[in-house]
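> Got a predicted model here, sequence first, then my questions.
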Amino acid sequence: MHTTTSHTPESKKRSGEHILINMTYIAKNVDLDSGIELTRALEYWRRYFEENDIVSALVISEGYFVQSFQGTRPAINTALEKILDEHSAIFPNIVNIEEIESRQWNGFLVKHLTSSAEDEEYALKSFSAGSDYNPYLMTSTQIESFLKAIFEEK
């Protein structure tokens, strides 16, 4: 009797399948105008990430995206290529790529900050470089802290 498992033997891991990567990028939404388009795009990416064993945390605010996603090196490379190919109009700016020991996120997390006073104060508190929320003016450390604060379990 022959049993097949999905586990790849160490000797066959030649593309970094055993290395976990965290990649964070920021982008400006210039392509998805309506809520329906954005909802469809988010569902598409949720399914894609799920199928490729990638976890993600995404914050959308004032037309900006701040996203961190984590998975194996080959999966992250393929996802980045797909983002650049299919959504070149958002002009993603990579702010951090690092190897990690374990995944920080659980699933496909999305938080939409509105222009309400509460969300605006939350977005600006300690995370913005000025009086307006603009992740392009934030350092990579500020962006990582911002994501952790938004999705930290309470």
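Perfect, I can see it now. Just so it is clear, the structure is predicted and the values come from calculations on it, not from any experiment. Numbers count the residues shown, from 1 in each chain.

> Quick one: the strands in the chain, in order.
All strands of the chain, identified by DSSP state E, fall at 20-28, 55-61, 64-72, 93-100, 108-113.

> pretty sure residue 64 contacts residue 25?
No - at 11.0 Å, residue 64 and residue 25 do not qualify as touching, with contact defined as Cβ atoms under 8 Å. The C-beta positions use only the backbone N, C-alpha and C, and glycine is treated the same way.

> These two: which is more packed in?
residue 25 (21 against 18; other Cβ atoms under 10 Å).

> now the more buried one, nearest residue through space, not along the chain?
With Cβ to Cβ, 6 or more residues apart in numbering as the criterion, residue 25 has its nearest non-adjacent residue at 4.4 Å, and that residue is residue 92.

> Relative to residue 101, how far out is that neighbour?
As judged by Cβ to Cβ, to the nearest Å, residue 92 and residue 101 stand 25 Å apart.

> When the two are compared, which one has more neighbours?
Remark: of residue 92 and residue 101, residue 92 carries more neighbours, 17 against 6, as counted by other Cβ under 10 Å.

> Next, the contact list for the more buried one, please.
The contact partners of residue 92, taken as Cβ atoms under 8 Å, 6 or more residues apart in numbering, are 25, 26, 27, 65, 83, 84.

> ditto for residue 57
Residue 57 is in contact with 67, 68, 69, 104, 105, 109, 111, 147, 150, 151, counting by Cβ under 8 Å, 6+ apart.

> What separation is there between it and residue 68?
For residue 57, the distance to residue 68 (Cβ to Cβ) stands at 5 Å.

> Could you tell me which residues touch both of those two?
Shared contacts of residue 57 and residue 68, defined by Cβ under 8 Å, 6+ apart, are found at 104, 105, 147.

> For PyMOL, what selects the buried ones among these?
Selection of buried members from the shared contacts of residue 57 and residue 68 for PyMOL, criterion 16 or more other Cβ atoms under 10 Å:
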select buried, resi 104+105+147
